[in-house]
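> Need coordinates for the below:
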Amino acid sequence: MLGRSVAVMGLMAVLGGCASGSAGRSDGGHADPWRLAGPFAHSPAADSPTDGLTSRETQPASTDPEPESQVRTDEKAWYLEFGLRTLFPRLEWTERQLDRRLQLPLRLDVLGLFEGATTVLDRRSDASIHTLRLGLGRRENDWFKWSVYAGGGVWRDKSHERLLTANLKISYDYKIAYAGFTANLYPFATPRYDRYVNTWEHIKAGRPYVLTGLEVSYVDAEGRGRYANVPFLLYSDHESVRDWLVSGLIGLGWEIPLDSRWALDLSGHYAFHFYRPEEFNGWATQIGLRYRF
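Numbering: from 1, shown residues only. Alright, predicted model coming up:
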């Protein structure tokens, strides 16, 4: 729960900074109207006149700037991504193993003298399986971005309880590393990076996108349990998991510009693993920043 609170507070601070930094502007800048872009847009032929007049002759003259989808067609920009990913895997095999093996010392504690240990199942319930993520991406046109990235995390949950001659030790260690490629498709065009007049205008300038990708990851997990009543060792067990995983990703995101260089990126996706899906399939959420250069 601490990780989730920190992420929410960070989001509020960033958006608050945008509002305070742009409150003094009087240029009246507003987010451009939403319009479908790229392959999602309707065919221009559907709006073309059929009476032999050109579109320039049939449309009134205007001094307004061109739509965003026209003036930014040739703009291509690289960007860096910094993010915090929170995982919610299914962990069905792990749950069965904990019930059958590594939690057996607690079942021997018939008097309820020991509290037990925090497991990865508790971390999933508390939304505290966090990993850091770093990526490099590129905007190709007004509806498509791609990125390559890598990330990982390390956690340890350990408990040691003693009561008179009874001694209980339980420990869990987890490591995960991953790398992948994602494509972001923007049906309403990519957002324009700029400093707007207030927080609401920044949010209106944000644009949704569809996320898809391919990811390779390595999982290293280990659990140990030991229950003794001196001088007797009543139970001892050990389990380790080391897996290479390949998965497909599908999800949705929202990119909110903060100024001419920075944007806030919020997304969520579901991972479909081709190996042991009952264990590693699951949802993930991500909050991060993008820096355009």
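
> Can you list the residue ranges for strands in the stretch 101-250 of the chain?
Taking DSSP state E, counting those that start in this stretch as the criterion, the stretch 101-250 of the chain carries its strands at 130-141, 144-163, 166-185, 207-229, 232-257.

> which of the residues in the second one are buried?
What it means is strand 144-163. Buried residues in strand 144-163, counting neighbours by 16 or more other C-beta atoms under 10 Å, are found at Phe144, Lys145, Ser147, Tyr149, Gly151, Gly152, Gly153, Trp155, Asp157, Glu161. To be clear about C-beta, it is placed using only N, CA and C from the backbone, and glycine gets the same treatment.

> repeat for the first one
Within strand 130-141, the residues that qualify as buried by neighbour count (16+ other C-beta under 10 Å) are His130, Thr131, Arg133, Gly135, Gly137, Arg139, Asn141.

> From what I see, the last one and Gly38 are in contact.
The reference is to Asn141. Yes - using C-beta atoms under 8 Å, Asn141 makes contact with Gly38 at a distance of 6.6 Å.

> hang on, the earlier thing: closest to Thr165 among the buried residues of strand 130-141?
Taking C-beta to C-beta as the measure, His130 is the one of the buried residues of strand 130-141 closest to Thr165, at 38.7 Å.

> what bridges to that closest one?
Under DSSP bridges, the beta-bridge partners of His130 are Thr86.

> what residues are up against it?
Contacts were defined as C-beta atoms under 8 Å, 6 or more residues apart in numbering; by that measure His130 touches Gly3, Leu84, Arg85, Thr86, Leu87, Gly153.

> mind checking how far it is from Arg276?
For His130, the distance to Arg276 (C-beta to C-beta, to the nearest Å) stands at 22 Å.

> Ok, Leu211 next?
In this structure, Leu211 and Arg276 are 23 Å apart, going by C-beta to C-beta.

> These two - which one has more neighbours?
Taking other C-beta atoms under 10 Å, Leu211 and Arg276 do not tie; Leu211 has more neighbours (18 against 15).

> how many neighbours does the residue nearest to that one when sequence neighbours are not counted have?
Sequence neighbours aside, Gly251 is the residue nearest to Leu211 in space, at 4.4 Å (criterion: C-beta to C-beta, 6 or more residues apart in numbering). Using other C-beta under 10 Å, Gly251 is surrounded by 19 other residues.

> Quick check: Gly251 touching Gly282?
No - with contact defined as C-beta under 8 Å, Gly251 does not count as touching Gly282 (11.9 Å).

> Now do the shared contacts for these two.
When contacts are counted by C-beta under 8 Å, 6+ apart, Gly251 and Gly282 have Tyr270 as shared neighbours.

> quick one: which of the buried residues of strand 130-141 is nearest Phe232?
Using C-beta to C-beta, His130 comes nearest to Phe232 of the buried residues of strand 130-141, at 40.0 Å.

> do you know which of the strands of the stretch 101-250 of the chain lies nearest Tyr196?
The stretch from these with the least distance to Tyr196 (C-beta to C-beta) is strand 232-257; that distance is 7.6 Å.

> what inclination does that closest one have with respect to strand 166-185?
20 degrees (axes from the mean of the first three to the mean of the last three C-alpha atoms, to 10 degrees).

> Can you list the strands that strand 232-257 pairs with?
Short version: by DSSP bridges, strand 232-257 pairs with strand 207-229 (antiparallel), strand 262-273 (antiparallel).

> Just give me how far it sits from the chain centre.
The offset between the C-alpha centroid of strand 232-257 and the centroid of the whole chain comes to 15 Å, using C-alpha atoms, centre = their mean, to the nearest Å.

> Next, the buried residues of it.
Buried residues in strand 232-257, counting neighbours by 16+ other C-beta under 10 Å, are found at Tyr235, Asp237, Leu245, Ser247, Leu249, Gly251, Gly253, Glu255, Ile256, Pro257.
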